[in-house]
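**Q** model this:
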Amino acid sequence: MLKGFKDFLFRGNIIDLATAVVIGTAFTALVTTLTKSIIEPIINALAGPDAVSGLGFRILSDNPATYIDLAALINALITFTIIAAVVYFLIVAPMKAVNDRLSKDSEDAPDEPSEEVVLLREIRDALAKRDN
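**A** Now for the predicted structure:
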C-alpha cells in the first residue's frame, strides 16, 4: 500500500498539481490587488463626490454595520471574470486544441491490423493451401 502511495507522489502529476495551485494562488492575489487598488477606487468615484464610503448604501442609515458595498461586489465579479478568462485562454482552449489535433491524427491513421492478426491470417492461408 505504501508503494502505491509513493508511486502516486512521484509519478509527476502531484508535482504539476501543486505547481498549478501555487501559481493560481499567486495569480489570484495579483488580480485581487489590481482590482482592489485600481478598479474599486474608480467604481467608488462613480458614486459621486458626496459619497463618503464609495458605491453602496446603508439599509439603516444610523447603523454602519448595515452598509451594502456594491463596489466590492462589482470588484469581485471583475476579479472572477479576469481569472476565469485567463484560465480559459491559457489552459482550457490550448488543451482543447491539442486534444482535437490528437484525435484528428488518430482518426486519419489507417486501421492496420496488428502483427498477431497478420500472422494468424498467414497461417490460415497456408493451411487453406495445404488442404487444397
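**Q** where does this structure have low pLDDT?
**A** Low-confidence segments of the chain (pLDDT under 70): 8-15, 48-53, 105-110.
**Q** can you map out the strands along it?
**A** 56-58, 67-69 (DSSP state E).
**Q** now the ones you listed as JSON lines including mean neighbour count and distance to Asn75?
**A** Placement of C-beta: from N, CA and C, glycine included. Shown next, in JSON lines, are these (neighbours: other Cβ atoms under 10 Å; distance: least, Cβ to Cβ, whole Å):
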{"stretch": "strand 56-58", "mean neighbour count": "14", "distance to Asn75": "11"}
{"stretch": "strand 67-69", "mean neighbour count": "13", "distance to Asn75": "9"}
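**Q** TSV please, covering those strands and showing distance to Phe80.
**A** Converted to TSV, those look like this (distance: least, Cβ to Cβ, whole Å):
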stretch	distance to Phe80
strand 56-58	19
strand 67-69	16
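**Q** hey, which helix is longest across this protein?
**A** Ranked by residue count and defined by DSSP state H, the top helix of the chain is helix 13-34.
**Q** The strands of the chain: which one's closest to Glu115?
**A** strand 67-69 (69.6 Å; Cβ to Cβ).
**Q** Can you give the strand pairings for the closest one, parallel or anti for each?
**A** Using DSSP bridges, strand 67-69 pairs in its sheet with strand 56-58 (antiparallel).
**Q** Let me see the residues that make contact with the partner strand.
**A** Residues from elsewhere that reach strand 56-58 (Cβ atoms under 8 Å, 6 or more residues apart in numbering): 47, 64, 66-72.
**Q** Just flag the most distant two among those residues.
**A** Distances among the contacts of strand 56-58 were taken as Cβ to Cβ; the most separated pair is Ala47 and Thr66, at 17.2 Å.
**Q** the more surrounded of those two?
**A** With neighbours defined as other Cβ atoms under 10 Å, Ala47 and Thr66 compare such that Ala47 has more, 16 against 11.
**Q** check contacts around that one.
**A** If you count contacts by Cβ under 8 Å, 6+ apart, Ala47 has them with 54-56, 71.
**Q** Good, wrapping up.
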